[in-house]
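> Give me a 3D structure for the following:
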Amino acid sequence: MDLSPLREKVHLDNGKSVRLPTALGQIRIDGRETVTVFWIGPCDEPLLGVEALVALGLAVDPRTGTLKPTRPYATRLGGFGRR
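Purely as a prediction, here's the structure:
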């Protein structure tokens, strides 16, 4: 059985497309948590994508560069989290 990592084609902001290893992972910011897709590749600094922000109910405030809630947080995915 071949258990090679899944590689997906990802379109980068600079217009290039690359194939990167992909995984599901849990992310927690300011007490909010969700499971989201991670693309694993070389970068100077980790990036947080819009899909993760939407799942967490957060958005970037362009005036301050900080994260602001877009809705009350009450979502909890069963089976994910610490016991």
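> Find the residue at the geometric middle of the protein.
The structure's the chain has its C-alpha centroid closest to Ala52; by Cα atoms, centre = their mean the separation is 3.9 Å.
> distance of the residue nearest to Gly57 when sequence neighbours are not counted from Leu48?
When the adjacent residues along the chain are set aside, Gly57 lies closest to Arg71, with 4.6 Å between them (Cβ to Cβ, 6 or more residues apart in numbering). From N, CA and C alone the C-beta is placed, and that goes for glycine too. Separation of Arg71 from Leu48 (Cβ to Cβ, to the nearest Å) stands at 17 Å.
> before we move on, what about Tyr73?
Per Cβ to Cβ, Tyr73 is found 16 Å from Leu48.
> Check Ile40 too.
As judged by Cβ to Cβ, Ile40 and Leu48 stand 14 Å apart.
> same check, this time on Asp30
For Asp30, the distance to Leu48 - Cβ to Cβ - is 12 Å.
> More neighbours: which of the two?
Neighbours around Asp30 and Leu48, counted as other Cβ atoms under 10 Å, are more numerous at Leu48. The numbers are 14 against 10.
> mind listing what the more buried one touches?
Ile27 (Cβ atoms under 8 Å, 6 or more residues apart in numbering).
> Report all helices and strands that the least confident helix or strand in the chain by mean pLDDT contacts.
Among the secondary structure pieces of the chain, namely its helices and strands, strand 7-11 has the lowest mean (mean pLDDT, DSSP states H and E), a mean of 85. Identification of packing neighbours for strand 7-11 by 3 or more Cβ pairs under 8 Å, 6 or more residues apart in numbering; DSSP states H and E yields strand 17-29.
> neighbouring contacts of the very next helix or strand once past the strand it packs on?
Using DSSP states H and E, the helix or strand that follows strand 17-29 in sequence is strand 32-39. Counting by Cβ under 8 Å, 6+ apart, strand 32-39 makes contact with 8, 10, 20-27, 49, 51-52, 55-58, 73, 75, 77, 80-81, all of which sit outside it.
> pLDDT on the helix or strand that strand 32-39 is followed by, on average?
If you walk from strand 32-39 toward the C-terminus, the next helix or strand you reach (DSSP H and E) is helix 50-56. Per-region confidence: helix 50-56 scores 89 on mean pLDDT.
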